[in-house]
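Participant: let me see the structure of the following:
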Amino acid sequence: MTAENHLADTQAWRVEDIAHEDALDCADQEFQVQFLALVRKCVEALWDQSAPVAMAVEATEDDYWRLGTWTPSWP
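Facilitator: The predicted structure is shown next:
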């Protein structure tokens with residue numbers, strides 16, 4: 001194998017490596033987009049779940065937090 005052939009082969013391999021790396025980068029980026037969309041849905045669901053809890057908690061006059069409860073009226 002001559003030096004020119006070796007150089008040509010090396011350059012071809014490098015081009016293939018770069019193309020492969022680009023494909024992996026695109027796949028990784030697509031995965032990250034989908035993953036972040038899923039994380040956002042989870043955070044929004046948690047936010048929606050916490051809204052009723054936030055409404056149930058109220059500050060008392062002494063700045064103590066307590067859970068708002070319903071007290072039945074006994075006969």
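
Participant: so which strand or helix has E4?
Facilitator: Per DSSP states H and E, E4 falls inside helix 3-56.

Participant: pLDDT (mean, whole number) over that helix?
Facilitator: Per-residue pLDDT values across helix 3-56 average out to 84.

Participant: and A3, how far from D25?
Facilitator: Distance of A3 to D25, given as CB to CB, to the nearest Å: 32 Å. Placement of C-beta: from N, CA and C, glycine included.

Participant: likewise for E4?
Facilitator: According to CB to CB, E4 stands 32 Å off from D25.

Participant: and for N5?
Facilitator: Distance from N5 to D25, counting by CB to CB: 30 Å.

Participant: just D9 next, same as before
Facilitator: Between D9 and D25 the computed distance is 25 Å (CB to CB).

Participant: repeat for Q49
Facilitator: 36 Å.

Participant: kindly report the same for V39.
Facilitator: V39 sits 21 Å away from D25, going by CB to CB.
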